[in-house]
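1. Output the structure for:
(6 chains)
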6 protein chains.
Amino acid sequence: MEPQVLEFLLATRSLMTVGRFSVYKCHFREDVAQHSYYTALYAMIIADIERQRGTRIDVERLLRMALLHDAEEARTGDIHHPCKHQDEPFAEKLNDRALEWFVELMGSLPKDIANEYIGLRRASRDLSAPEAKIVKAADKIEALLWAYEEYLLGNEHVRRAKIVEDILSKLEKIELPTVKALVFEIRNRIGTIET
Amino acid sequence: MEPQVLEFLLATRSLMTVGRFSVYKCHFREDVAQHSYYTALYAMIIADIERQRGTRIDVERLLRMALLHDAEEARTGDIHHPCKHQDEPFAEKLNDRALEWFVELMGSLPKDIANEYIGLRRASRDLSAPEAKIVKAADKIEALLWAYEEYLLGNEHVRRAKIVEDILSKLEKIELPTVKALVFEIRNRIGTIET
Amino acid sequence: MEPQVLEFLLATRSLMTVGRFSVYKCHFREDVAQHSYYTALYAMIIADIERQRGTRIDVERLLRMALLHDAEEARTGDIHHPCKHQDEPFAEKLNDRALEWFVELMGSLPKDIANEYIGLRRASRDLSAPEAKIVKAADKIEALLWAYEEYLLGNEHVRRAKIVEDILSKLEKIELPTVKALVFEIRNRIGTIET
Amino acid sequence: MEPQVLEFLLATRSLMTVGRFSVYKCHFREDVAQHSYYTALYAMIIADIERQRGTRIDVERLLRMALLHDAEEARTGDIHHPCKHQDEPFAEKLNDRALEWFVELMGSLPKDIANEYIGLRRASRDLSAPEAKIVKAADKIEALLWAYEEYLLGNEHVRRAKIVEDILSKLEKIELPTVKALVFEIRNRIGTIET
Amino acid sequence: MEPQVLEFLLATRSLMTVGRFSVYKCHFREDVAQHSYYTALYAMIIADIERQRGTRIDVERLLRMALLHDAEEARTGDIHHPCKHQDEPFAEKLNDRALEWFVELMGSLPKDIANEYIGLRRASRDLSAPEAKIVKAADKIEALLWAYEEYLLGNEHVRRAKIVEDILSKLEKIELPTVKALVFEIRNRIGTIET
Amino acid sequence: MEPQVLEFLLATRSLMTVGRFSVYKCHFREDVAQHSYYTALYAMIIADIERQRGTRIDVERLLRMALLHDAEEARTGDIHHPCKHQDEPFAEKLNDRALEWFVELMGSLPKDIANEYIGLRRASRDLSAPEAKIVKAADKIEALLWAYEEYLLGNEHVRRAKIVEDILSKLEKIELPTVKALVFEIRNRIGTIET
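-> Below you'll find the predicted structure:
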């Protein structure tokens, strides 16, 4: 069994070479492994604060979702966001394909474990569950902080590309007090630089 | 009119930031601008040798095709090849989308010029014309020489990924003596390292 | 409260700039964020396989430990391993300091959450618990696969530096069947290249 | 014959490793292959607009010139501009040497083709022909847009080095309406940042 | 004897891979070899100006000290400054360890030469000697100019991290007219950007 | 006076951005500041060993020469070696130009100091003096070890380019026992890889 497990461990290492935001000239090209680390870390913190506020969250499930949320990009590379989301049916189609690659990638894990992971990946599309919602929020906040750091490094490109506005508009749809508060705070900081 | 033309000149500069072969760990991450330069240069040389052999080629048309052949990746990024070519209908669908982005990108050029370029991009899909055939050959030979250089830099990953076999099998379908001879020669060199 | 939480999210982003193995000339300089991602991912997989074998593991606790295991390096940078582990008392002293920096870093999180994370960081030193043991194993396997990939990229430096032997000897002390099997398999692969 | 042609294809690949503007600290070190791609692309667009205005231009000849205009730098590397242009006789001498290296590089191409390319390289020095004039303009506009992007990325060095002034003064001597209009537009944009 | 000397020449080459200021996101990651070059060059210039003013300086001794002042980092990597200087006893302890690694590194040189170098490394801690004082000043001025160049490249991170204040406060304790004058001048420049 | 001295300190920082061996695809692109550091360090060690053997060497003079030996490349960039040394008269001409740029660069130093440095730069051309001879040897040995490390990193390009043979042939003309012994030892090591 283990030779195949090793195959899986090795295959995911491509996430380190897949750069994000490839059509933007930027100072620091983030990769999918880095992005996934912060998505998991931020999700954990948001969940812990939300739990203090009384929300029931399955943190084990949440962290598993976060660690796996972009895993198939080890096979597909990063597809530029506006290209991926041109229209609803196309986005759906690409998402299905992404899931197929995810399934293929899981093929070298023991069957039960593979099935569990595939189930989690599927479940992460349904944003009514708090776990999926928080992973989505962490995913977007991570992108936002990347853009914020590009600002601090002097990158006028990113400011003009209005990525920040785009991400913020998505974050505003997420109804979680911790996310609302973080987004408010980040808005403040960016506003300070812009004036 | 010129402000818009400038917009076009600037937009294409993203080709410099779009890396190719993003799921492979490699020594030298080639970008789409570099790739397009060599595609055009190699296409010119192959065409000139084929012309000496009597083939009729419209070199102006060929060079225009080569310079524009991946231009829409300034908008879409580079989609990993096995992912793009999973099956025929999906590949067709992605190709249509690519063309739409190409059309959008051309939107800041004067109308007549934009239309001419869109026509060329369309025509480059029909491999019966010698110009399209040579651009395709140059496109693949460039990828092959990237892989060959990775071999020379010591990259065992590339050897195992069998990219070379994949590209070679596509090149073998191109019926042009110059391409046949080049492929034969490159095969020889790679064989020399492998033993 | 949230402005401080944001401070924490931003502070941890330095993990992306802290390179590992800085005294080795290498092809791919891994950073602490990438390393932490794979440590968490690999720990999850090892735990899931061990659980199939009947071991009782608290996976939530394990994943939290893994995500936080090197967090203080956002403040201290990466200290070269042989330098850190020169002798037992010095290693202890450095470890205590690392913990102090960890505590300082957690200072911008809500108190209860900070305390929980500090507790986890402390607990991860005691390798008798299966969670700590698996995080340690994943931490070392990640380093081993980095070295293995350097081999594949042609890096003779890494081979000569005997890092691999060093890591393997540490892994051999970890008594977990999944780890034993993985280490055996990796040994096989590396052996194949060396002959 | 083909082994030698392959030698040529491989030799030109060094253009990807030769960085431009090496004495400036910059965010994005452009290489000669990237520069040559944009020189060819921009030359094509300028030519097409000029043709709409009634100028007669041999676009095939123009594109060949553009693709080859810095090819010898695969042998010589990039010589810093103020150093190259210290005084007229020295610039002439270096230019002659550059041509010798160009001839040497062409040595692995079939004789007729080599001679044609050498003729084009020579002809590109005579700026009275519209083709040479447009290639020169595209060459300079590309450098200008590199500098403009450095501005957008926050590079104060480039602003102070007054490279932009230097390039603009050269562009002003080129009497082509499209070039005049583009330069006017770029001036506007840069002015907007500076105030 | 020479095989061992070669070992030393090779071992010091790791200084090229050890990055400085690793916890800061920066545009240009300086390494210890670059830093040591400028420390030696700047020390020579400061010494020559001070000599014109009548100070007696042993420049041979000064240059030897400068070239060797961080040599042990080839073994230890770069330890982040605030971490190193948390408190006096810890700083002393780390400094002693650094010296041990320095001694170990010198082990492949002929004994007399090794001893001379170790003596110089020890002497460089006593800032009452003009040679040690100037090397220290050059060391800090180099760091200051790195930070100044990051400002020019648009790096707001560095500005906020107040590294510059930190370095300036150390430089102010060095009682040498040339250093005073240089620091005054650099302060002026940075002030100009900040307003 | 000091504002100008600061100008000099800043101007030399371009040596960090000037890459060496720009026409070779390589794993680790060395810059002129790194090269100059090792040239000075290695020159010091060779001199100290030669002194043990009884040769009289002015080490202060030697170290000054080494630190300044490529300083003008902050203005000119790195000119590729075979291009620079095409023929004797051309090499002489380029060398004279290099010296002019060196003089220009020194223009912001106090006059006496500038003159001293210019004198040293001139003197370093005359290889009959032991100081100049050792700087030359260190300069070449540094290049050789760069190539050797490229071998270790798997770079077949460098092996084929026969740079090593070229550098070795130059080193063989330098009549110093320490250099002879080092070259012999390096030859041995490279031989070991090649078989």
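2. Could you point out the helix or strand that follows the longest helix along chain A?
-> Counting residues, the longest helix in chain A under DSSP state H turns out to be helix A:130-152. Reading on from helix A:130-152 to the C-terminus, the next helix or strand found by DSSP states H and E is helix A:156-161.
3. For that following helix, buried residues please.
-> Using 16 or more other CB atoms under 10 Å in any protein chain shown as the test for burial, helix A:156-161 gives A:Glu156, A:His157, A:Val158, A:Arg159, A:Ala161. The C-beta positions use only the backbone N, C-alpha and C, and glycine is treated the same way.
4. near chain D too, which of these?
-> A:Glu156, A:His157 (CB under 8 Å from any CB of the partner chain).
5. Switch the buried residues of helix A:156-161 over to JSON lines; also include pLDDT and distance to C:Leu109.
-> Written out in JSON lines, the entries for those read as follows (pLDDT from 0 to 100; distance: CB to CB, whole Å):
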{"residue": "A:Glu156", "pLDDT": "78", "distance to C:Leu109": "33"}
{"residue": "A:His157", "pLDDT": "78", "distance to C:Leu109": "33"}
{"residue": "A:Val158", "pLDDT": "80", "distance to C:Leu109": "28"}
{"residue": "A:Arg159", "pLDDT": "74", "distance to C:Leu109": "30"}
{"residue": "A:Ala161", "pLDDT": "74", "distance to C:Leu109": "32"}
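6. Closest one to chain C out of the buried residues of helix A:156-161, please.
-> Out of these, the one with the shortest distance to chain C is A:Val158. That distance is 15.6 Å, counting by CB to the nearest CB.
7. who touches that closest one in this structure?
-> A:Tyr24, A:Cys26, A:Ala147, A:Glu150, A:Tyr151, A:Val164 (CB atoms under 8 Å, 6 or more residues apart in numbering or on different chains).
8. doesn't A:Gly154 make contact with the second one?
-> Read it as A:Cys26. No. The pair formed by A:Cys26 and A:Gly154 falls short of the contact definition of CB atoms under 8 Å, at 10.9 Å.
9. Near chain B, which residues of chain A are found?
-> By CB under 8 Å from any CB, the part of chain A that sits against chain B consists of A:13-14, A:16-19, A:22-26, A:74-80, A:82-83, A:86, A:90, A:93, A:97, A:100-101.
10. of those, list those near chain D.
-> Filtering those for neighbours of chain D using CB under 8 Å from any CB leaves A:Lys25.
11. Buried subset of the residues of chain A next to chain B, written for PyMOL?
-> To isolate the buried subset of the residues of chain A next to chain B in PyMOL, counting by 16+ other CB under 10 Å, use the following:
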select buried, chain A and resi 13+14+16+17+18+19+22+23+24+25+26+74+75+76+77+78+79+80+83+97+101
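12. Quick check: which ranges of chain A have low pLDDT?
-> Under the criterion pLDDT under 70, the flagged ranges of chain A are A:1-2, A:192-195.
13. From A:Arg20, how far out is the residue most central in space within chain A?
-> Nearest to the geometric centre of chain A sits A:Asp139, at 3.3 Å (CA atoms, centre = their mean). From A:Asp139 over to A:Arg20 the distance is 11 Å, taken as CB to CB, to the nearest Å.
14. do A:Thr76 as well
-> As judged by CB to CB, A:Thr76 and A:Arg20 stand 13 Å apart.
15. for chain A, what spans make up the helices?
-> If you assign secondary structure with DSSP H, the helices in chain A sit at A:2-11, A:32-52, A:59-68, A:73-76, A:81-84, A:88-106, A:111-123, A:130-152, A:156-161, A:163-171, A:177-194.
16. Could you export those helices as a markdown table, including distance to D:Gly107?
-> Converted to a markdown table, the helices of chain A look like this (distance: least, CB to CB, whole Å):
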| stretch | distance to D:Gly107 |
| --- | --- |
| helix A:2-11 | 45 |
| helix A:32-52 | 45 |
| helix A:59-68 | 55 |
| helix A:73-76 | 44 |
| helix A:81-84 | 44 |
| helix A:88-106 | 48 |
| helix A:111-123 | 57 |
| helix A:130-152 | 47 |
| helix A:156-161 | 43 |
| helix A:163-171 | 49 |
| helix A:177-194 | 55 |
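17. just so I know, which of these lies nearest C:Lys173?
-> Of all the helices of chain A, the one in closest proximity to C:Lys173, counting by CB to CB, is helix A:2-11 (18.9 Å).
18. which residues are contacting the closest one?
-> Contacts made with helix A:2-11 from outside it, assessed by CB under 8 Å, 6+ apart, are listed as A:74-75, A:105-106, A:108-110, C:38, C:42, C:45, C:49, C:141, C:145, C:178, C:181-182, C:184-186, C:189.
19. OK, contacts around the residue of chain A found nearest chain D?
-> Per CB to the nearest CB, the residue of chain A with the smallest distance to chain D is A:Gly154, at 2.2 Å. When contacts are counted by CB under 8 Å, 6+ apart, A:Gly154 touches A:His27, D:Leu153, D:Gly154, D:Asn155, E:Leu153, E:Gly154, E:Asn155, E:Glu156.
20. If we use 10 Å, what do you get?
-> Contacts here follow CB atoms under 10 Å, 6 or more residues apart in numbering or on different chains; on that basis A:Gly154 touches A:27, D:27, D:151-156, E:27, E:150-157.
21. and if you look at A:Glu73?
-> A:12, A:14-15, A:18, A:20, A:31-33, A:35-36, A:79, A:98, A:101-102, A:105, B:22-23, B:80, B:83.
22. Phi first, then psi, for whichever residue of chain A sits closest to chain E.
-> Nearest residue of chain A to chain E, counting by CB to the nearest CB: A:Gly154, 2.2 Å away. Main-chain dihedrals, A:Gly154, degrees, to the nearest 10: phi 100, psi 10.
23. now A:Arg29, nearest residue through space, not along the chain?
-> Distances taken as CB to CB, 6 or more residues apart in numbering or on different chains place A:Gly19 nearest to A:Arg29, at 4.6 Å, with adjacent residues excluded.
24. My understanding was that that neighbour contacts A:Asp78; is that so?
-> Yes. Here A:Gly19 reaches A:Asp78: they are 6.7 Å apart, a contact under CB atoms under 10 Å.
25. Find the residues that touch each one of the two.
-> When contacts are counted by CB under 10 Å, 6+ apart, A:Gly19 and A:Asp78 have A:Glu30, A:Asp31, A:Val32, B:Gly19, B:Ser22, B:Gly77, B:Asp78 as shared neighbours.
26. So which of the residues you listed is the closest to F:Glu172?
-> Distances from those to F:Glu172 were compared by CB to CB; the smallest belongs to B:Gly19, at 43.1 Å.
27. residues in chain A within reach of chain E, list them.
-> If contacts are counted using CB under 10 Å from any CB of the partner chain, the residues of chain A sitting beside chain E are A:His27, A:Phe28, A:Glu149, A:Glu150, A:Tyr151, A:Leu152, A:Leu153, A:Gly154, A:Asn155, A:Glu156, A:Ile193.
28. Noted, bye for now.
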